[in-house]
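pasted the sequence and its predicted model underneath.
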Amino acid sequence: MFLSIFDIFKIGIGPSSSHTMGPMVAAGKFLDQLLEHKIKAVSLSASLHGSLAFTGKGHHTDYATIMGLIGFKPQTFNSNIAQQALDEVSQTGKIQPEGHSEYLFNPNTAIRFDFEKSLDGHPNGMIFYAYDSIGTVLFEETYYSVGGGFVQTASELASGISYSKLENTTPYPFKNASEMLEMCVSTGKSIAELKSENEQANITKSDLSQGINKIWDVMNNCIEEGLKKEGILPGGLFVKRRAKGIHESLRKEQSRNIAPPHIINDWMSCYAMAVNEQNAAGAQIVTAPTNGAAGVIPATLRYYLDHVPSASISKIPEFLLTAAAIGGL
C-alpha cells in the first residue's frame, strides 16, 4: 500500500478528523453510490453509532454529515457558504447535491444519534439510508471513519481493502525505516527525493508542487488566523482562546532581548496552539496525520521560517515530503 503525501496531509475541517472530516467524506461517498447504483430515492437520512453518537454534538458530527449530504467536501469547505446552504435546506426541507435530483431532507430529524446500537466493525460507525416515497429503504450503506479522515465501507473494512486508492507501483517502495535509509544510501537520494519520485508515479511534478504549496498555505493561514482571534471556543466547555495573548507576550519579550532557555518551546507551542484553537473552532485544517496532531508540523515550520536566520521558504516542500515519507511508515 502506498500512502501519498496527500493522504498524510489532507486539507479538511475541524474539530476532528475521525468525527467531523470522516462523516463528511462518508456522506459524499454515499451520494456517489446512489448515482453508481442508479437509486431513485425520494429522501435521505443517517444514523450515528458508537463514538460518533456519544461525542457527535461536541465534534459537530451531525453538522458535518449534513454538509456532506448537501455536497460539501472537506478540502474546499467554506463555512460562510455552508451556512447559507444550511439555512436554505432548513427553509425548504430539500437538498440537491450536484448531479442528483432533489431529496426530501429535514436537517433537524434526518441525522439520528443512536446511543443504543454499536456497530461491529469500528467504534466510529454510521449508516446512510435512501428511501422511496412511502418510506421504504431502497438502499443503505454502513461506513466507518477509521482515523485521519479515512473512511471505509463495512465490506471494505471486513475484507481488509486498503483505504488508499493508490497501488504501490512506485520506483522506490519501502515498508520500514531501514529499507528507506538503505535506498537513500544506495541511490544517493534524500528521503524527500525518494518520496517526490514515488509521488510522481501517480501525479505530475507540477501537480505535486501545487498540492504541497496549498498544504503549506492552509497550515500557515491556520496559524495566522489563530494568532488574531480571541474569545471562547465552541463546544460548551467555555475554553478561552490563548494563542493570541501568548504571542503578544512573546513579542514583547523579544523586543526587550529576553531569551529564557525554553524560548524555542514557547514559540513553537504558541504556533501549535493557534492551529489547535482553529481546529476546535471548526476552521479549515490540515491533518498531520490527524486533526488532533495538526499543530506540530506547521508550528515547526513556522518557527523555522520566523526564527532561523538562514531559513528559506523553498525548503518547505523538502520538509513536508520527508515528514510524509516517515509518517507513512
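Received it, and whenever you're ready, just let me know what you need.

measure L301 to A26 for me?
Counting by C-beta to C-beta, to the nearest Å, the separation of L301 from A26 is 31 Å. (Each C-beta comes from the backbone N, C-alpha and C, glycine too.)

what are the ranges of the strands in the stretch 201-329 of the chain?
Secondary structure of the stretch 201-329 of the chain (DSSP state E, counting those that start in this stretch): strands located at 284-286.

residue ranges for the helices of it, please.
Residue ranges of the helices in the stretch 201-329 of the chain, as given by DSSP state H, counting those that start in this stretch, are 205-228, 243-255, 263-280, 296-307, 316-327.

can you tell which of the ones you listed is closest to D62?
Closest approach to D62 among those is made by helix 263-280 (17.2 Å; C-beta to C-beta).

buried residues in the closest one?
For helix 263-280, the neighbour count (16 or more other C-beta atoms under 10 Å) marks 267-280 as buried.

in JSON lines: those, plus pLDDT and distance to P97.
Compiled in JSON lines, the buried residues of helix 263-280 are given as follows (pLDDT from 0 to 100; distance: C-beta to C-beta, whole Å):
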{"residue": "W267", "pLDDT": "97", "distance to P97": "44"}
{"residue": "M268", "pLDDT": "97", "distance to P97": "41"}
{"residue": "S269", "pLDDT": "98", "distance to P97": "41"}
{"residue": "C270", "pLDDT": "98", "distance to P97": "40"}
{"residue": "Y271", "pLDDT": "98", "distance to P97": "37"}
{"residue": "A272", "pLDDT": "98", "distance to P97": "36"}
{"residue": "M273", "pLDDT": "98", "distance to P97": "36"}
{"residue": "A274", "pLDDT": "98", "distance to P97": "34"}
{"residue": "V275", "pLDDT": "98", "distance to P97": "31"}
{"residue": "N276", "pLDDT": "97", "distance to P97": "32"}
{"residue": "E277", "pLDDT": "97", "distance to P97": "32"}
{"residue": "Q278", "pLDDT": "96", "distance to P97": "27"}
{"residue": "N279", "pLDDT": "95", "distance to P97": "26"}
{"residue": "A280", "pLDDT": "94", "distance to P97": "28"}
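
any idea which of those residues is the one closest to G235?
A280 (6.6 Å).

where in the stretch 101-250 of the chain is pLDDT low?
Applying pLDDT under 70 to the stretch 101-250 of the chain flags the ranges 161-168.

hmm, who's touching stretch 258-270?
227, 243, 246-247, 250, 253, 299-300, 303, 306-307 (C-beta atoms under 8 Å, 6 or more residues apart in numbering).

if we go to 6 Å?
Here stretch 258-270 makes contact (C-beta atoms under 6 Å, 6 or more residues apart in numbering) with 243, 246-247, 299, 303.

can you pick the most crowded of the residues you listed?
A243 (25 neighbours; other C-beta atoms under 10 Å).

so L52 makes contact with I127?
No: with contact defined as C-beta atoms under 6 Å, L52 does not reach I127; the gap is 10.5 Å.

the two: which is more packed in?
L52 (33 against 20).

tell me the secondary structure for the more buried one?
helix (DSSP: H, G, I helix; E, B strand; the rest coil).

okay, it and A110: tell me how far apart.
Using C-beta to C-beta, L52 is found at 15 Å from A110.

any idea how far the nearest residue to H100 once chain neighbours are set aside is from M67?
Computed as C-beta to C-beta, 6 or more residues apart in numbering, the closest residue to H100 that is not its neighbour in sequence is L31, at 6.6 Å. Relative to M67, L31 is positioned 12 Å away (C-beta to C-beta).

the two - which one has more neighbours?
Set side by side, L31 and M67 show more neighbours around M67, with 27 against 23, by other C-beta under 10 Å.

list the contacts of the more buried one.
Counting by C-beta under 6 Å, 6+ apart, M67 touches 24, 82.

what of M126?
Shown in contact with M126 (C-beta under 6 Å, 6+ apart): 46, 48, 52, 143.

can you pick the most crowded of these?
Highest neighbour count within these, by other C-beta under 10 Å: L52, with 33 neighbours.

quick revisit: return the member of the contacts of stretch 258-270 nearest to T169.
For the contacts of stretch 258-270, the nearest to T169 is A299 (34.5 Å; C-beta to C-beta).

A274 is in contact with the closest one, correct?
No: the criterion here is C-beta under 6 Å, and A299 misses it with A274 at 8.2 Å.

break the chain down into its structural domains.
Here the domain assignment for the chain is 18-159, 203-327, based on automatic domain parsing.

between L301 and A26, which is the more surrounded one?
Each of L301 and A26 has its neighbours counted (other C-beta under 10 Å); A26 has more, 29 against 22.
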